[in-house]
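Student: sequence first, predicted model second:
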Amino acid sequence: MYLTPTQTLGIILAVAAGTQLTRWLPFLLFPEDREPPRMVTDLGRLLPAAMMGLLVVYCLKGAVWTAPPHGAPEVLAVLAVVLLYRRWGNVLLSIVGGTALYMLLVQAVFV
């Protein structure tokens, strides 16, 4: 599909406007001098844990538990993420460490 320069510019401007709207809207709806609604405060407190649970379920959904290696690489990688985070408290380190361990396990150990 070929787009004209005008169509391309229109798409870029629409995406930029949508991105800016999502960045500015919370500050426009909830200024600093006003207390946000209780529901917004509760969502801000509960959603991070819910999203982490959702990501764990998504990551483990493809694991095969009934055939060798019975999900061992996935479980070991999740355990590594938890242990790295508990030891150093660094999210990036725990994600990179768990991912590196998982890739090592599936490519070199559980072949």
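Tutor: All right, it came through fine.
Student: now do the contacts for Leu104.
Tutor: Residues counted as contacts of Leu104 (C-beta atoms under 8 Å, 6 or more residues apart in numbering): none. Using the backbone N, CA and C atoms, a C-beta is placed for each residue, glycine as well.
Student: quick one: secondary structure of it?
Tutor: helix (DSSP: H, G, I helix; E, B strand; the rest coil).
Student: what comes up buried for stretch 85-94?
Tutor: Buried residues in stretch 85-94, counted by 16 or more other C-beta atoms under 10 Å: Tyr85, Ser94.
Student: CA atoms only for the lowest-mean-pLDDT helix or strand in the chain, dumped as CSV, please.
Tutor: Sorting the helices and strands of the chain by mean pLDDT, DSSP states H and E puts helix 38-60 at the bottom, at a mean of 93. Output of helix 38-60 as CSV, limited to C-alpha atoms (Å, rounded to 0.1, in the frame of the first residue of the first chain):
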residue,chain,number,x,y,z
ARG,A,38,-10.8,7.7,45.5
MET,A,39,-11.2,5.3,42.6
VAL,A,40,-8.2,6.8,40.8
THR,A,41,-6.1,6.5,43.9
ASP,A,42,-7.2,2.9,44.5
LEU,A,43,-6.4,2.0,40.8
GLY,A,44,-3.0,3.6,41.2
ARG,A,45,-2.3,1.4,44.2
LEU,A,46,-3.8,-1.9,42.9
LEU,A,47,-3.0,-1.9,39.1
PRO,A,48,0.8,-2.4,39.3
ALA,A,49,0.5,-5.7,41.2
ALA,A,50,-2.4,-6.8,39.0
MET,A,51,-0.3,-6.0,35.9
MET,A,52,2.6,-8.0,37.2
GLY,A,53,0.3,-11.0,37.9
LEU,A,54,-1.1,-10.7,34.4
LEU,A,55,2.5,-10.6,32.9
VAL,A,56,3.5,-13.7,34.9
VAL,A,57,0.4,-15.6,33.7
TYR,A,58,1.1,-14.5,30.1
CYS,A,59,4.7,-15.6,30.3
LEU,A,60,3.8,-19.0,31.7
